[in-house]
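A.B. asks: next one to model:
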Amino acid sequence: MPGPNSSKAPLFNGETSELLEFFEVFEDLASTYGLTSADKCKSLVRYVDCQTKRFWITLTGFESREYGTFKRSILGQYPGASKGQRYTIRELKHIVVNQADSDINMEKELMHYYSQFQAVAIWLISNNKISG
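C.D. replies: This next block holds a predicted model:
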């Protein structure tokens, strides 16, 4: 597994909405490296800050090295984490208003705006927050 400071390392930034993505990246790496359940428990806490690590190692599943239980215990501590990334109409409006204040002169600028807009708009449509 990559070291915690490696550019290839998964990183949990403390944001509840990013927790599922963190687990996805971690589990992909763990699978690539053939980690056992016990190895996953031990390795997972290497990719969080010290305060989070101190908290997570107290949760059910860590000491017994049962990764599935440990993951469920972690997710249970972060309300809304199991829903993953969530967006609001306000965030979409913010993206549009910010872009309206500046010209798009290069393809790179257009792609940056499009990628921000698309991610939020598709989520809002998929979750019936706005209509397509």
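A.B. asks: which stretches of this structure form helices?
C.D. replies: Remark: helices of the chain, listed N- to C-terminal, are 19-33, 37-44, 50-56, 67-76, 89-100, 107-126; assignment by DSSP state H.
A.B. asks: return the distance of the shortest one from the chain's centre.
C.D. replies: Going back to what we said before, that points to helix 50-56. Using C-alpha atoms, centre = their mean, to the nearest Å, we find the averaged C-alpha position of helix 50-56 to lie 17 Å away from the chain's own average C-alpha position.
A.B. asks: which of the residues in it are buried?
C.D. replies: Of all the residues in helix 50-56, those buried under the rule 16 or more other C-beta atoms under 10 Å are residue 56. C-beta here means a position set from N, CA and C on the backbone, and glycine is covered the same way.
A.B. asks: that helix - what's its average pLDDT?
C.D. replies: The predicted model gives helix 50-56 an average pLDDT of 95.
A.B. asks: what's the answer for the longest one, then?
C.D. replies: Per-residue pLDDT values over helix 107-126 give a mean of 86.
A.B. asks: thank you kindly, that will do.
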